[in-house]
Every structure is written in C-alpha cells, then in structure tokens.
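Student: Sharing a model prediction with you, sequence too.
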Amino acid sequence: MDEQTTKRDLIRVCHLMYERSYVVSSDGNVSVRLDDGRILATPTMTSKGRMTEDLIAITDLEGRALNDRKASSELAMHLLIYRERPDVKAVCHAHPPHGTAFAVAGLAIDQPILSEVILTLGCVPLAAYGTPSTDELTREMQPFVKHHNALLMANHGAVAYGADLWQAWDRLETLEHTAKIAILSRVLGGSKNLPADAIEKLINVREAAGYLGESARGQACGYLRESPVENGAGKISLTREELVELLSQAVNGK
Ligand code: 13P
C-alpha cells in the first residue's frame, strides 16, 4: 500500500478510536510500519479526534525522528512489538472502557466464552503495571508479544496489532467487544465457558484456516493448558504465569 493511502487510513483509525470512545482527550496512539521500515506514528499529546495527515510523525525503527513532528511518548511500546513480531505492520493503543476495566481489575480477557474470539483473536493476557513511556512497561509486555495479538496493561489500557492497520483495529474492536460481553454476562449471573471438546475443534479450525499462527498455541490462557509443554528432546516451555506460579510454589515449599 502506498504511503498516502496508509496515512489516510491511519487518520480514519484515529477518528474511529475517538468516535467509539476508545480514547478521550489526547489518549492513545497508532503506528504503521512502512515497507521500507519507516514508522508513521501519531504525535504525542494530540487528540485522535482532531488528527490530520500533516500531524503524523515519521521515525526510523530506533525511534529517531525523520520529520519535525514529535512521535508518541509510547513509541517504545510500538517498536518493541515491531521488533518481536516481523509479521506485524500496525499497532493501536487505546483505553477502551470495558477492556481497560479488566486491566484495572487485574484481569486478563482469557475465558473461553465466545467461539469467534477463540478463532480470530485468542486470549488477551494482562501485563503487570509499568510506568507509561518507560522501559518498565515494555519489560512487562515483552514476554507476551510473541504469542498474542493484543495485550492489556494493568491500570493503563490495551494494545492490539496486526498484519495491517485494519487487522490491528479489528483486534482492538474484538478485545473491547469481548470485555463488554464478559462484563454484561457477569451482571446476568455469570458466563458459561465453552467445553474442552468445543475449544479443541475451534483451535483446529483456526489453525487449518490460518486465522492465527501456530504460535497462538503458546498463549497464556487457562484453556490451552496442554499446549505449553512440547514433547521431544525433553524440552518444555512455560508461559510467564506458569513459571511464576511454579517458582512461587517452590519458594513457599508447596
Ligand atoms: P501520547 O500522547 O504520547 O501518544 O500518549 C498517550 C497515551 O495514551 C499514553 O498511554
């Protein structure tokens, strides 16, 4: 896609974010990695509802400015995702109210309650709190980036990413919609999880259709318990939560 069309789409996503109340004031940031490796990013402290193409900042992959706009203070978060995921070409960070309510309550969006979400998004883990715009935040996010397509950041918000801007946006939308349904179902007396055999079938469908790569099998969510252990050569891998749990059990002598 040419740079001009990408800039136009970036502005459309910013406006959608603002119109849907996924952000208020100058919250949130959006970026795209162009084919030549340059990054188009929203500028810091600018309302996404009033974004125009001339305000877009351009940087290299180290975050060095290539025009006279100051890129988002959260650019390091975007660059981490681009480094960890060569397949990712766009990142959307926002504070959508229902998703962010999960992040504030200290909850991941990881229950198997909606078939479509297992197919197209997978689990959304919760990264521990880190001060926005600092290494603390990227350090907490880093272990999750490889296997997930969206993350919650404790007491902060959400980020979603994808092979292009619209996939990143769609994933952010799915995250927020899922969080909203989860909250509403709790008000109605609680959600019912899909049974294990239904989940297995959905995962087979998603792998056969290529909705999510095989790396999604390593996601940090309870219903993929069987996936973190790899057979062969005595090698095992664990999700971050499982490792922390194992270590705390060892320390507490359980
Ligand atoms: P920027 O205005 O620097 O992009 O920061 C907004 C934000 O949402 C921080 O989390």
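Tutor: Received it, and whenever you're ready, just let me know what you need. Note that the structure is a prediction, hence the values are computed from the model and not measured. Residues are numbered from 1 along each chain as shown.

Student: buried ones in stretch 137-144?
Tutor: Within stretch 137-144, the residues that qualify as buried are 137, 138, 140, 141, 142, 143, 144, counting by 16 or more other Cβ atoms under 10 Å. For the C-beta atoms, the positions are set from N, CA and C on the backbone; glycine is no exception.

Student: Not counting sequence-adjacent ones, nearest residue to residue 123?
Tutor: If you skip the residues right next to it in sequence, residue 123 has residue 221 as its closest partner in space, 3.3 Å away by Cβ to Cβ, 6 or more residues apart in numbering.

Student: make that residue 56, sorry
Tutor: In space, residue 56 comes closest to residue 40 once its chain neighbours are excluded; the distance is 5.3 Å by Cβ to Cβ, 6+ apart.

Student: how about whatever helix or strand the one you found lives in, does it reach the ligand?
Tutor: Residue 40 is located in strand 39-41, with elements delineated by DSSP states H and E. No - judged by Cβ under 6 Å from any ligand atom, strand 39-41 stays clear of the ligand, getting no closer than 8.2 Å.

Student: before we move on, the earlier item: tell me the one among the buried residues of stretch 137-144 nearest to the ligand.
Tutor: Among the buried residues of stretch 137-144, residue 137 lies closest to the ligand (Cβ to the nearest ligand atom), at 8.8 Å.

Student: residues touching that closest one, list them.
Tutor: For residue 137, the contacting residues are 76, 77, 127, 130, 131, 153, 156, by Cβ atoms under 8 Å, 6 or more residues apart in numbering.

Student: host element of it?
Tutor: Element membership of residue 137 [criterion: DSSP H and E] is helix 135-145.

Student: Could you export that helix as PDB, CA atoms only?
Tutor: Output of helix 135-145 as PDB, limited to C-alpha atoms (Å, rounded to 0.1, in the frame of the first residue of the first chain):
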ATOM      1  CA  ASP A 135      11.300   0.500  29.900                       C
ATOM      2  CA  GLU A 136       9.300  -0.800  32.900                       C
ATOM      3  CA  LEU A 137       6.200  -1.000  30.600                       C
ATOM      4  CA  THR A 138       8.000  -2.700  27.700                       C
ATOM      5  CA  ARG A 139       9.700  -5.100  30.000                       C
ATOM      6  CA  GLU A 140       6.400  -6.300  31.400                       C
ATOM      7  CA  MET A 141       4.900  -6.600  27.900                       C
ATOM      8  CA  GLN A 142       7.800  -8.300  26.200                       C
ATOM      9  CA  PRO A 143       7.100 -12.000  27.300                       C
ATOM     10  CA  PHE A 144       3.600 -11.900  25.900                       C
ATOM     11  CA  VAL A 145       4.100 -10.200  22.500                       C
END
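
Student: Which other helices and strands does the next helix or strand after that helix contact?
Tutor: Heading C-terminal from helix 135-145, the first helix or strand you meet, by DSSP H and E, is strand 150-153. The criterion is 3 or more Cβ pairs under 8 Å, 6 or more residues apart in numbering; DSSP states H and E, and the helices and strands that strand 150-153 contacts are helix 97-105, strand 126-127, helix 135-145, strand 157-162, helix 165-187.

Student: Residue 8: neighbouring residues, count only.
Tutor: For residue 8, the tally of surrounding residues (other Cβ atoms under 10 Å) stands at 12.

Student: all numbers from here: first residue = 638
Tutor: I'll keep to 638 as the first residue from here, and by that count the last item is residue 645.

Student: Hmm, residue 688 and it touching each other?
Tutor: No - with contact taken as Cβ atoms under 8 Å, residue 645 and residue 688 are classed as non-touching, separated by 11.3 Å.

Student: residues in contact with residue 697?
Tutor: 674, 675, 676, 703.
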